[in-house]
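Asker: how would this look folded up:
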Amino acid sequence: MSKHVAVLMGGWSSEREISLKSGTACAAALEGEGYRVTRVDVGPDIATVLTELRPDTALNALHGPAGEDGTIQGLLEILRIPYTHSGVLASALAMHKERAKTVLAAAGVPVPEGRVVNRHDAAKSHPLPPPYVVKPVAEGSSMGVLIVRDGRSHPPQILASDEWVYGDEVLAETYVAGRELTCAVMGDRALGVIEIKPASGEWYDFDAKYAEGGSIHVLPAVLKPNVYQRIQELALTAHQALGCRGISRADLRFDDTPGGTGALVVLEVNTQPGMTQTSLVPEMAAHAGLSFGELVRWMVEDATLGR
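Answerer: Modelled structure (predicted):
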């Protein structure tokens, strides 16, 4: 009898729509691989739904708070349903960017300099000398990320506005010029390195990540072999330092600009990377010889408790 997989998607975070796309793609691929699949749009009654459904495994395709921060992982542990991706601690740790940076730095992974500030204080005066980046402490998919350019006299006033919906704590980090790079880890193996070039605009924002044609992915990234290998090493070290399981993806910046610092830093580790048609992890897996179906099969067969 085929394994029954509940694909958890949707939820109520600001990344709901992306999660629905990831979940829909994964569910279709799993059915193509012969699994019995139930698509679950996660709501506050998720414990009841899963208790009645009693799946063999849960594929977690949620993004953002509740799905990516250890919350759903803890519930799955209580319900004794094996699940994909990282466990409670690694998920919670990776989601909190500042605490994740502390762990990564202790493991020898270079991270940008920065500090956590109250958003109202950051709106009154520059928390760091420009150029710098301001981002929510615990959001994903470039949600709420602001770049303050060199020479800007005032900090972003949106931070003091009622329109800001990403919490009162923000992380201000020194802006690292150069190239946007990313590398996924699958189990104990680093996959290929992609350079991300936004098709329009100056950086890899939400639209560049998820809109069709929003970004150009160069795979393998055109880098010196020692730099390419170093990125793979950092991605794997970061994955292991945070205690990640299954699939993760590290996002990095490499300053190879003329007269630049040459810095290579890890910005963050994503424990629930996107699985849409434009997503990076399926592209890296394909480069390594795995079809999308084979990738999701590996994820489901890797699922356990106590992650």
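
Asker: lowest average confidence, helix or strand, in the protein?
Answerer: helix 206-210 (a mean of 46; mean pLDDT, DSSP states H and E).

Asker: partner strands of the helix or strand that comes right after that helix and their direction?
Answerer: Where DSSP states H and E defines the elements, the next helix or strand beyond helix 206-210 is strand 215-218. With DSSP bridges as the test, strand 215-218 is paired with strand 189-198 (antiparallel).

Asker: next one: the partner strand to chain centre, how far?
Answerer: Mean-position distance between strand 189-198 and its chain equals 13 Å (CA atoms, centre = their mean, to the nearest Å).

Asker: what residues does it touch?
Answerer: Contact with strand 189-198 is made by 179-185, 204-205, 208, 214-223, 228, 231-233, 235-236, 280-281, 283-285, 287-288, as judged by CB atoms under 8 Å, 6 or more residues apart in numbering. No exception for glycine: its C-beta is placed from N, CA and C like everyone else's.

Asker: PyMOL command for the buried members of the residues you listed?
Answerer: A single PyMOL command selects the buried members of those (16 or more other CB atoms under 10 Å):
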select buried, resi 179+180+181+182+183+184+185+204+205+208+214+215+219+221+223+228+231+232+235+236+280+281+283+284+285
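
Asker: take the contacts of strand 189-198 and keep only those in strands.
Answerer: Cross-referencing the contacts of strand 189-198 against strands under DSSP state E gives 179-185, 215-218.

Asker: and the most centrally placed residue in the chain, how far from K3?
Answerer: Central residue of the chain (CA atoms, centre = their mean): N270, 2.6 Å from the mean position. Distance, N270 to K3, by CB to CB, to the nearest Å: 26 Å.

Asker: same thing with I196?
Answerer: Distance from I196 to K3, by CB to CB: 34 Å.

Asker: between these two, tell me which one has more neighbours.
Answerer: Shown here are I196 and K3; by other CB atoms under 10 Å, I196 has more neighbours (21 against 16).

Asker: any idea of the pLDDT on that one?
Answerer: Looking at I196, its pLDDT stands at 93.

Asker: state the distance from the closest residue to it other than its chain neighbours to V103.
Answerer: Nearest residue to I196, sequence neighbours excluded (CB to CB, 6 or more residues apart in numbering): E180, at 4.5 Å. E180 sits 23 Å away from V103, taking CB to CB as the criterion.

Asker: then V109?
Answerer: From V109 to V103 the distance is 9 Å (CB to CB).
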